[in-house]
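# Mind folding the following:
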Amino acid sequence: MCGIVGYIGRRDVAPLLLEGLQRLEYRGYDSAGVVISGKSGDLRTVKAKGRVRDLEARIPKRFAGTTGIAHTRWATHGAPSDENAHPHLDTEGQVAVVHNGIIDNASELRAKLTADGTVFASETDTEVLAHLIGRSDAETLEKKVSEALRVVEGTYGIAVMHKDFPDRIVVARNGSPVVLGIGEKEMFVASDVAALVTHTRQVVTLGDGEMATLKADDFRTYTTEGSLTTATPTTVEWEAESYDMGGHDTYMHKEIVEQVEAVDRVLRGRIDDRFATVHLGGLNLDPGEARRVRRIKILGCGTSYHAGQIGAQLIEELARIPADAEPASEFRYRNPVVDPDTLYVAVSQSGETYDVLAAVQELKRKGARVLGVVNVVGSAIAREADGGTYVHAGPEVCVVSTKCFTNTVVAFALLALHLGRIRDLSVADGRRIIDGLRRLPGQIDEILKTEPEIKQLAKQYADARSMLFIGRVRGYPVAREASLKLKEVSYIHAEAYPASELKHGPLALIEPAMPTVAIVPDDDLLEKNRAAMEEIKARSGRILAVAHQEQEKADHTIVVPKNEDELDPILMGIPLQLFAYHTALALGRDIDKPRNLAKSVTVE
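Below is the predicted model of the structure:
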């Protein structure tokens, strides 16, 4: 959600901070701000409601300094405004804080501080931190921050500057990402490597309960209690160019088109033709342990949850292990029974999704075995899990996920094949699935070439106030994800429903003004899906079908290439990504940054 950028070194800091904030715009935000340490050591702050460009327009020409921190805010406590934008200062203007996360006991702390005479300038929970640090009598900035954090409950990724300690920035993490960037006599900090890769690819990711002090020529990490920790820098695998638009008008379009290469990348080096299986070395699950698994539970949120639904079907079909998917945000609050014979799989594009991470931590506390399926190497879920697999989609900048969803489903196909071949899946079926996987990049390319036709269809349906998406079994999760894509990016209300359930309620909604998108794979349920379309046409409903052949009962059909039945859902969702994109384009939406949404949801 919110974004943090910080720098200490010898360069003029304001341009670096603004560039970093622009790199983080995709995360979703409603205001931005920056604070630098001036030549006299005073803290100079500029804040603005709106976009980074609005902040940039307010920065005076004489705004020089070599140390600073900056922030993009996604409103939680208090509406978007200049006053609620970060950074937040204490009453004396000596302390500046930027913060991602939520302070759960902010109201209680605010009441105590107010009773002691503190005057607040904003409605935010973050300002509490600034006042706590400013009121501390500790001798060092590190101890001041540590004292404040001891009374704070909740999640945070913070960066702190102090007028009396102009040679350093102190940062801390608990549940919200903080990444240090190591340069040549300069140091960076950010909530996402996207803000760093232009300047350095050597990074250190803080763990929960960890703090760091950044100076121009070095850094050190330690716990909130002050014990030193070991920080080993790693190299970011993605180049700065990976975060550029590459000639496309939007990141969403770029990332849809990149799926040909992305799927090839997740398959590369993993297929074992000799034994008709795949290599997934990071699972840390030997064949004996895999055979003892009695059930698989997949946890994710939003698009990751839908990918998990398809993944569960793949696992049941290929490995014959009972599997299901559930929203992580619901799982962790229903006091679930944690079975020692169940393998849990946590799914997250960022690897930092708070609800998923909290579910993983609860499962680990109860002794469960957890695998991670994530995109970002070294992310919190990747570190917390017992093993897992990376989906290798590359950076995904648009808030709306496309290529990461597709690669996640392909990663689940690999996992299902791996487990199936350990258990009872035949060599012939293993080879059949491998052949299907290898066909995917070429078939995705075929679908992308139909974009002009999909664009025209999107224009015809863009006037709809609401749309219904239907599918059966393999098609239902595709319908759910396509429904989510349309509502996220176009703001058209969309609902997904099992095609088999139409007569149990949703048929009441059918009329010419409410189109239906039907997922119609050429499998053993083809005639059942055609019967559902018959029911809709009998009530004068318009139908857009996604199918392997033209559908007589549909007003329009998007024809996609046929793969193996189990792998068809991977392909059938891609034209509907383009459909959502071009619908939003026709309606003039902010495609890469839909209203009210954020890319990486690191708060509850």
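
# Give me the contacts around the longest helix that the chain contains.
Ordering each helix of the chain by length in residues (DSSP state H) puts helix 427-448 first. Contacts to helix 427-448, defined as C-beta atoms under 8 Å, 6 or more residues apart in numbering, come from residues 256-257, 259-261, 263-264, 267, 271, 273, 275-278, 318, 406, 410, 413-414, 417, 420-421, 560-561, 563-564, 566-567, 570-571, 574-575, 578. All C-beta spots, glycine's among them, are computed from the backbone N, C-alpha and C.

# tell me what whichever helix or strand comes after that helix is packed against?
Per DSSP states H and E, the first helix or strand lying C-terminal to helix 427-448 is helix 451-461. Counting contacts by 3 or more C-beta pairs under 8 Å, 6 or more residues apart in numbering; DSSP states H and E, helix 451-461 packs against strand 556-559, helix 574-586.

# and Asp524, how many residues sit next to it?
9 (other C-beta atoms under 10 Å).

# The stretch 1-150 of the chain: helices as residue ranges?
Using DSSP state H, counting those that start in this stretch, the helices of the stretch 1-150 of the chain run over 13-23, 52-58, 106-115, 126-135, 141-150.

# And those helices: which comes nearest Ala499?
For Ala499, the closest of these is helix 13-23, at 42.5 Å, according to C-beta to C-beta.

# The closest one packs against which elements?
strand 3-8, strand 31-37, helix 52-58, strand 67-73.

# In a markdown table, list the ones you listed along with mean neighbour count.
Below are the helices and strands packed on helix 13-23 laid out as a markdown table (neighbours: other C-beta atoms under 10 Å):
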| stretch | mean neighbour count |
| --- | --- |
| strand 3-8 | 30 |
| strand 31-37 | 27 |
| helix 52-58 | 17 |
| strand 67-73 | 29 |
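
# I'd like those as TSV, with mean pLDDT and distance to Pro87 appended.
Putting the helices and strands packed on helix 13-23 into TSV (pLDDT from 0 to 100; distance: least, C-beta to C-beta, whole Å) gives the following:
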stretch	mean pLDDT	distance to Pro87
strand 3-8	95	10
strand 31-37	94	4
helix 52-58	93	12
strand 67-73	94	6
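
# mind checking which of those is nearest Leu314?
strand 3-8 (34.9 Å).

# Tell me which of the helices and strands packed on helix 451-461 sits nearest to Ala79.
Across the helices and strands packed on helix 451-461, Ala79 has its closest neighbour in helix 574-586 (25.7 Å, C-beta to C-beta).

# So Val360 sits against Glu384, correct?
Yes - under the criterion of C-beta atoms under 8 Å, Val360 is in contact with Glu384, at a separation of 5.0 Å.

# Compare neighbour counts for the two and give me the winner.
Val360 (27 against 20).

# where's that one relative to Gly300, distance?
Using C-beta to C-beta, to the nearest Å, Val360 is found at 11 Å from Gly300.

# Mind listing the shared neighbours of the two?
With C-beta under 8 Å, 6+ apart as the test, Val360 and Gly300 both reach Ala346.

# circling back to that earlier point, can you list the helices and strands packed on helix 13-23 in a markdown table and add distance to Ser122?
Output for the helices and strands packed on helix 13-23, formatted as a markdown table (distance: least, C-beta to C-beta, whole Å):
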| stretch | distance to Ser122 |
| --- | --- |
| strand 3-8 | 17 |
| strand 31-37 | 11 |
| helix 52-58 | 16 |
| strand 67-73 | 11 |
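
# got a list of what Ala194 touches?
23-24, 26, 243, 395, 397.

# what's the lowest-pLDDT member of these?
Lowest pLDDT among those: Tyr26, with 68.

# Give me the number of neighbouring residues for Lys39.
Residue neighbour count, defined by other C-beta under 10 Å, stands at 9 for Lys39.

# How much space separates it from Arg58?
When distance is defined by C-beta to C-beta, Lys39 is 20 Å away from Arg58.

# Kindly report the same for Ala382.
39 Å.

# before we move on, what about Met211?
From Met211 to Arg58 the distance is 31 Å (C-beta to C-beta).

# What's the first helix or strand after the least confident helix or strand in the chain by mean pLDDT?
Using mean pLDDT, DSSP states H and E, strand 234-235 stands out as the lowest-scoring helix or strand of the chain, at a mean of 86. The helix or strand immediately downstream of strand 234-235 is helix 251-257, counting by DSSP H and E.

# what is the mean pLDDT for the next helix or strand after that next one?
The first helix or strand that comes after helix 251-257 along the chain, using DSSP H and E, is helix 259-267. What helix 259-267 shows for mean pLDDT is 96.

# same deal with stretch 193-208?
pLDDT averaged over stretch 193-208 gives 89.

# Sort out which residues of that stretch are buried, please.
193-201, 203-206, 208 (16 or more other C-beta atoms under 10 Å).

# Distance to Arg11 and secondary structure added to the residues you listed, as TSV?
Shown next, in TSV, are the buried residues of stretch 193-208 (distance: C-beta to C-beta, whole Å; DSSP: H, G, I helix; E, B strand; the rest coil):
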residue	distance to Arg11	secondary structure
Val193	19	helix
Ala194	19	helix
Ala195	15	helix
Leu196	14	coil
Val197	17	coil
Thr198	12	coil
His199	9	coil
Thr200	13	coil
Arg201	18	coil
Val203	19	strand
Val204	20	strand
Thr205	24	strand
Leu206	23	coil
Asp208	31	coil
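
# where in this protein is pLDDT low?
Where the chain drops to pLDDT under 70, the residues are 1, 26-28, 240-241, 598-604.

# and with 80 instead?
Residue ranges of the chain with pLDDT under 80: 1, 25-29, 39-41, 237-244, 378, 596-604.

# that older thread, can you list residues touching both of Val360 and Glu384?
370, 372.

# Relative to Thr450, which of the buried residues of stretch 193-208 is nearest.
Distances from Thr450 to the buried residues of stretch 193-208, taken as C-beta to C-beta, are shortest for Ala194 (31.5 Å).

# The closest one and Leu24: what is the separation?
Applying C-beta to C-beta, the value for Ala194 to Leu24 is 6 Å.

# Repeat that for Trp238.
According to C-beta to C-beta, Trp238 and Leu24 sit 15 Å apart.

# which of the two has more neighbours?
Shown here are Trp238 and Leu24; by other C-beta under 10 Å, Leu24 has more neighbours (26 against 15).

# excluding its backbone neighbours, what's nearest that one?
Gly3 (3.3 Å; C-beta to C-beta, 6 or more residues apart in numbering).

# Could you report the distance from the one you found to His86?
From Gly3 to His86 the distance is 10 Å (C-beta to C-beta).

# No further questions, thank you.
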